[in-house]
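In: Got a sequence here, can you build the structure:
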Amino acid sequence: MTPRICASLLAFISVAACNEMRPLHVPGPTTAHPPGNSVESPSSSASVALLSRRNPDARVVAFRILFDTGSSEDPAGKEGLTALTAAMTAQSGTRDMTFAEVSRTLYPMAASFGMQVERDQTVLTVDVAATDLPKLYPLLRDVVLAPRLDDESFSRLKNKQKSALEDELKGSDDESLGKEALQAFIYEDHPYGHPPAGTSAALASITLADVKAQRSRVFCKDRVTVGIAGAFPEGLDKTIAQDLASLPACPATRPGLPEPRKHHGLRVLIVDKPSADSTAVSIGFPTTMNRSSDDYPAAYFFTSYVGLHRQSAGVLYNRLREARGLNYGDYAYAEYFDQDGWTRFTLPDNARREQLVSIWLRPVKPANGLFALRGALHYWRKYVEEGVPADEIVRFRTFLSRYLSLEQQTESRRLGFALDDRTYRSSVPFSERMRTGWSALDASKLKDVVRRDLSSGDMSIAIVAKDGAALKKALLSGAKSPPAYDAPKPKEITDEDRVIESLPLGLKDEDVKVVPVADLFAK
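Out: A predicted model of the protein is given here:
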């Protein structure tokens, strides 16, 4: 060990020894993603959940501090409170340092605290070079245990969240707006029915006192799992567990969730946005299936075959983008999917107690919006009804089994997947479980799973577009919707177009709702 690393470790041990806070609790480990070992800490009243994956050969240390809470636990009338509380935790500084001082301290380490909030989980993340760990950890500990929560940060972060809701989501990000509109439609009058950023009226009503109360209520000891991976010193994971156990005890158990409302057939929510210069389409339905379900590997295989995210291997991408040039991409998912930054991979630690299956079409020209919707439904129904050919299962299984490894290329992502395994109570690592399930898959077995879990005709559709009234009229008319191409297409494509453009939707007036964008997530 080099003198510099020795000095760093001694500095860390000195800092930890001076800290008299108690430990964390520990969930089941995973032996999933070598190199590194998963360690389960003993459960006791003085500990919190801990998942550690030590890899002495790594050059970094990754932390993922996971809380089992999310926007589904925003109090009524305070939608957006959990996200604002999380932001205040990560970005208000500490009891002894302002946010600016924390940022200046982190800058030479090329580190920053990230906070990800979704419906059921919230995770604080940070990666740091192993040699900078002794300087990083005291900051991380204090951010989690003693955030500053001051008036200046509250005003700054509340305005930032308001801008994310009104200027970004509703103003400039039609893709994300369509996905959130779909979830609001599927989960009407349900805790999942609003985006993590909340609603405009609710955000305006939130006070700093609300933030402090929410922090005590849900960012508490019994809901946290500390994840650490990489080249950390032996025993550091237990030290962190002891430190973070000084979080307050949770005052109550987590409330359950109602079932989403049931409906029959297709129904459409049109978000009427006059400034939209394209049409964004999201399609989906709720499911009782999740990663712990026996059918999940096959369902994941099927949705990936139909529309693997940002990959030309998917049918939708190949037929709607590549063959027709309608848009940038078209995808399908067996569970809620959120992209990790600018990658093509799923965001870890985004687990849900209730799931949905969805199809997402990147925005298309308004003239092709209805055709693209019909095209997505056409190909989905084709493979649901006819099945995936046996030779295609063999071909795609080889590709997908190799592609899956790309999901876990960093210490942080491997740790995130291990935490997801724990959340879904899987004793077998995700990648291993998927490959094992796919190895036994044949056309008959896949068709059985699709029939049980993915053949629902009861779909919700959210469309962000201009002139919602005209679009509703076109949807209800049942009239053909031929595509408008910029260049001629082969006969094989134009012959198939004749089938797609006439696809019956069977919609009635009460099945199609138009909402002005200004009214969406307003209150």
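In: Could you give the backbone dihedrals for the spatially most central residue of the chain?
Out: Centroid-nearest residue in the chain, with C-alpha atoms, centre = their mean: residue 338, separated by 3.7 Å. With angles defined as degrees, to the nearest 10, residue 338 sits at phi -130, psi 130.
In: How about residue 117?
Out: According to degrees, to the nearest 10, residue 117 has phi -120, psi 130.
In: tally of neighbours for it?
Out: A count of nearby residues for residue 117, using other C-beta atoms under 10 Å, gives 22. Quick note: C-beta positions are derived from backbone N, CA and C, even for glycine.
In: is it in a bridge, and if so with what?
Out: Bridge pairing for residue 117 (DSSP bridges) gives the partners residue 122.
In: counting residues per helix, which one in this structure is longest?
Out: Ranked by number of residues, the top helix in the chain under DSSP state H is helix 369-386.
In: Any idea how many residues pack against residue 311?
Out: 16.
In: Read off the pLDDT value for it.
Out: If you check residue 311, the pLDDT there is 94.
In: Surely it is in contact with residue 317?
Out: Yes: under the criterion of C-beta atoms under 8 Å, residue 311 makes contact with residue 317 at 6.6 Å.
In: still on that earlier bit, any buried residues in the longest helix of the chain, and which?
Out: Neighbour counts using 16 or more other C-beta atoms under 10 Å place 369-380, 383-384 of helix 369-386 among the buried residues.
In: before we move on, what about stretch 135-154?
Out: Buried-residue list, stretch 135-154, by 16+ other C-beta under 10 Å: 135-145, 147-150, 153-154.
In: Leaving out chain neighbours, which residue sits closest to the residue nearest to the centre of the chain?
Out: Once flanking residues are discounted, residue 338 sits nearest to residue 347: 4.4 Å by C-beta to C-beta, 6 or more residues apart in numbering.
In: quick revisit: which of the buried residues of stretch 135-154 fall within strands?
Out: Residues of the buried residues of stretch 135-154 located in strands (DSSP state E): none.
In: any weak-confidence spans in this protein?
Out: For the chain, applying pLDDT under 70 flags the ranges 1-46.
In: so where do the strands sit in it?
Out: So, for the chain - with DSSP E - the strands run 37-40, 49-54, 60-67, 114-117, 122-129, 224-230, 267-272, 279-287, 330-333, 355-364, 460-465, 512-516.
In: and for the longest helix of the chain, what are the contacting residues?
Out: By C-beta atoms under 8 Å, 6 or more residues apart in numbering, the surrounding residues in contact with helix 369-386 are 279, 281, 283, 302, 305-306, 315-316, 319-320, 324, 326-327, 330, 332, 359, 361, 364, 450-451, 454-455, 459, 461, 463, 465, 471, 474-475, 481-483, 497, 499-501, 503, 505.
In: Among the residues you listed, name the buried ones.
Out: Applying 16+ other C-beta under 10 Å to the contacts of helix 369-386, the neighbour count classes 279, 281, 283, 302, 305-306, 315-316, 319-320, 324, 326-327, 330, 332, 359, 361, 364, 450, 454, 459, 461, 463, 465, 471, 475, 481-483, 497, 500-501, 503, 505 as buried.
In: just to revisit the earlier point, how close does the residue nearest to residue 338 get to residue 236?
Out: 26 Å (C-beta to C-beta, to the nearest Å).
In: Compare those two (neighbour count), which wins?
Out: More neighbours surround residue 236 than the other of residue 347 and residue 236, with 20 against 17 (other C-beta under 10 Å).
In: quick one: that one from residue 417, how far?
Out: Residue 236 is 21 Å from residue 417, where distance means C-beta to C-beta.
In: and what of residue 281?
Out: Between residue 281 and residue 417 the computed distance is 30 Å (C-beta to C-beta).
In: Same question for residue 145.
Out: 27 Å.
In: Over to residue 366?
Out: 39 Å.
In: Can you pick out the residue with more neighbours from these two?
Out: Each of residue 366 and residue 417 has its neighbours counted (other C-beta under 10 Å); residue 417 has more, 21 against 17.
In: That one is in contact with residue 428, isn't it?
Out: No: at 12.0 Å, residue 417 and residue 428 do not qualify as touching, with contact defined as C-beta under 8 Å.
In: what's the overlap in contacts for these two?
Out: In contact with both residue 417 and residue 428: no residue, using C-beta under 8 Å, 6+ apart.
In: Which positions within stretch 178-188 qualify as buried?
Out: Judged by neighbour count using 16+ other C-beta under 10 Å, the buried positions of stretch 178-188 are 178-187.
In: Now go through these and say which are in helices.
Out: Filtering those for membership in helices, criterion DSSP H, returns 178-186.
In: Tabulate these in CSV, adding columns for distance to residue 65.
Out: Compiled in CSV, those are given as follows (distance: C-beta to C-beta, whole Å):
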residue, distance to residue 65
178, 31
179, 26
180, 26
181, 31
182, 30
183, 26
184, 29
185, 33
186, 30
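In: between these, which is closest to residue 167?
Out: Nearest to residue 167, judged by C-beta to C-beta, of those is residue 180 at 14.6 Å.
In: just checking, residue 483 touches residue 326?
Out: Yes: Residue 483 is in contact with residue 326 according to C-beta under 8 Å; the separation is 7.1 Å.
In: Common neighbours of these two, please.
Out: Common contacts of residue 483 and residue 326 (C-beta under 8 Å, 6+ apart): 368, 371.
In: Contacts for stretch 301-314, please.
Out: Here stretch 301-314 makes contact (C-beta under 8 Å, 6+ apart) with 315-318, 321-322, 329-334, 337, 339, 344-346, 357, 359-360, 379-380, 383, 388, 392-393, 396-397, 399-400, 403, 434, 437-438, 441, 446, 449-450, 454.
In: next one: stretch 320-329
Out: 310, 312, 317, 330, 361-365, 368, 371-372, 375-376, 379, 483, 485-487, 489, 493.
In: Return that stretch as PDB; C-alpha atoms alone will do.
Out: Only the C-alpha atoms of stretch 320-329 are listed here, as PDB (Å, rounded to 0.1, in the frame of the first residue of the first chain):
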ATOM      1  CA  LEU A 320     -41.200   2.500 -37.500                       C
ATOM      2  CA  ARG A 321     -37.900   4.300 -37.500                       C
ATOM      3  CA  GLU A 322     -35.500   2.400 -39.800                       C
ATOM      4  CA  ALA A 323     -37.900   1.200 -42.400                       C
ATOM      5  CA  ARG A 324     -40.200   4.300 -42.400                       C
ATOM      6  CA  GLY A 325     -38.100   7.200 -40.900                       C
ATOM      7  CA  LEU A 326     -41.000   8.300 -38.700                       C
ATOM      8  CA  ASN A 327     -39.000   9.300 -35.700                       C
ATOM      9  CA  TYR A 328     -35.900   8.700 -33.600                       C
ATOM     10  CA  GLY A 329     -37.000   5.600 -31.800                       C
END
